[in-house]
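Student: Predicted model and sequence below, questions to follow.
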Amino acid sequence: MFIAICFPFFGELLNFFGGFAFAPTTYFIRNINAFLLPCIMWLAIYKPNRWSLSWITNWVCIILGASLMIVAPIGGLRQIIVEGKTYDFFY
């Protein structure tokens with residue numbers, strides 16, 4: 001709590017590191033955000049026909065998850081840079 005009060009950009013910092021943390025959690029936790037490894041493993045195990053509905057759905061989830069892992073840290077860093085001009089420590 002003290003750290004969050006001392007740093008005015010703590011929320012943006014959490015967004016930045018949360019984007020990096022999204023990648024490893026998708027490999028170990030199966031939840032709504034777990035796009036990559038479960039989809040890749042399902043494709044490797046079941047080997048559905050190309051261009052079938054399940055094949056397309058899995059590839060859409062893989063592309064969505066990979067792009068989210070790239071875009072999330074960039075957005076957090078951009079937010080820190082944009083709002084960095086107005087930050088006042090211990091104001």
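Tutor: Looks like it arrived, so ask away. Numbers count the residues shown, from 1 in each chain.

Student: Please report how far Leu77 lies from Lys47.
Tutor: 39 Å (C-beta to C-beta, to the nearest Å). Just so you know, the C-beta spots here come from the backbone N, C-alpha and C atoms, and that holds for glycine as well.

Student: Which of those two has more residues huddled nearby?
Tutor: Between Leu77 and Lys47, counted using other C-beta atoms under 10 Å, Leu77 has the larger neighbour count: 15 against 9.

Student: List the contacts of the more buried one.
Tutor: The neighbourhood of Leu77, defined by C-beta atoms under 8 Å, 6 or more residues apart in numbering, consists of Phe16.

Student: pLDDT value on it, please?
Tutor: At Leu77, the predicted lDDT confidence score is 89.

Student: where's it, which helix or strand?
Tutor: When secondary structure is defined by DSSP states H and E, Leu77 falls within helix 53-83.

Student: Going by neighbour count, which residues of that helix are buried?
Tutor: Residues of helix 53-83 classed as buried under the neighbour-count rule (16 or more other C-beta atoms under 10 Å) are 55, 58, 61-62, 65, 68-69, 72-73, 76, 79-80.

Student: Most widely separated two among the residues you listed?
Tutor: Farthest pair in the buried residues of helix 53-83 (C-beta to C-beta) is Trp55 and Ile80. Separation: 39.0 Å.

Student: Okay, now the unreliable bits of the protein?
Tutor: Within the chain, the set of residues satisfying pLDDT under 70 comprises 1, 22-35, 89-91.

Student: if you set the cut-off to 90 instead, what comes out?
Tutor: Per-residue confidence for the chain (pLDDT under 90) gives these ranges: 1-42, 58, 60-77, 79-91.

Student: mind checking how far Ala44 is from Leu37?
Tutor: Noted for Ala44: a distance of 10 Å to Leu37, by C-beta to C-beta.
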